[in-house]
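Asks: this one's structure only:
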């Protein structure tokens, strides 16, 4: 065990506990999003059956479905970040070059944080325009800021998930460097 590993041993446990908590939060958000999507699917099926049998549709199905899809998409993406479940191409970093693999992972994580932060910043500006104008959905009059709320909270959670993955990556890098 290296001096660095001994020095950070206590902190590593605390950081890992924090990272695990973030991963549980991301999983809970994804479950809520998927449950909302399942609810939207049930509502669409009810709408189809009602149309076929009674000749009328359920008012607001499109508004609710769109809101549920926003929740499912933007609350599930952070879970994918926290589980490193996105598509990755490892043509530079092989198992033969663990330091290169960690370097590429750190650089790509920092780029991901920067890009997601930029998207969050730009989206928040547009959301504020929507908030100020008081836009509402067409059928049910759902405030459009609710839709933006799922998008913005999902992006913010994505930043948190990437940051947690970055912390885990740093702990792994320290362990790798200590093991040599």
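Replies: Noted; the coordinates are in hand. What you see is a predicted model, and the numbers here were worked out from it, not measured in a lab.
Asks: now stretch 124-137: buried residues?
Replies: Of the residues in stretch 124-137, 124, 127, 130, 137 count as buried by neighbour count, 16 or more other CB atoms under 10 Å. No exception for glycine: its C-beta is placed from N, CA and C like everyone else's.
Asks: tell me the phi and psi of residue 137?
Replies: The phi/psi pair for residue 137 (degrees, to the nearest 10) reads phi -70, psi 160.
Asks: I'd like the numbering to begin with 523 instead of 1 from here.
Replies: From this message on, residue numbering opens at 523, which makes the last subject residue 659.
Asks: that one against residue 581, yeah?
Replies: No - the pair residue 659 / residue 581 is not scored as a contact, 11.5 Å apart, by CB atoms under 8 Å.
Asks: in this structure residue 600 contacts residue 549, no?
Replies: No - Residue 600 is beyond contact range of residue 549, at 9.5 Å (criterion: CB under 8 Å).
Asks: tell me the least confident of the buried residues of stretch 646-659?
Replies: Lowest pLDDT of these: residue 659, 87.
Asks: how about that one, nearest residue that isn't a chain neighbour?
Replies: In space, and not counting its chain neighbours, residue 659 is closest to residue 585: 4.2 Å by CB to CB, 6 or more residues apart in numbering.
Asks: can you tell me how far the one you found is from residue 559?
Replies: Remark: distance between residue 585 and residue 559 (CB to CB, to the nearest Å) = 15 Å.
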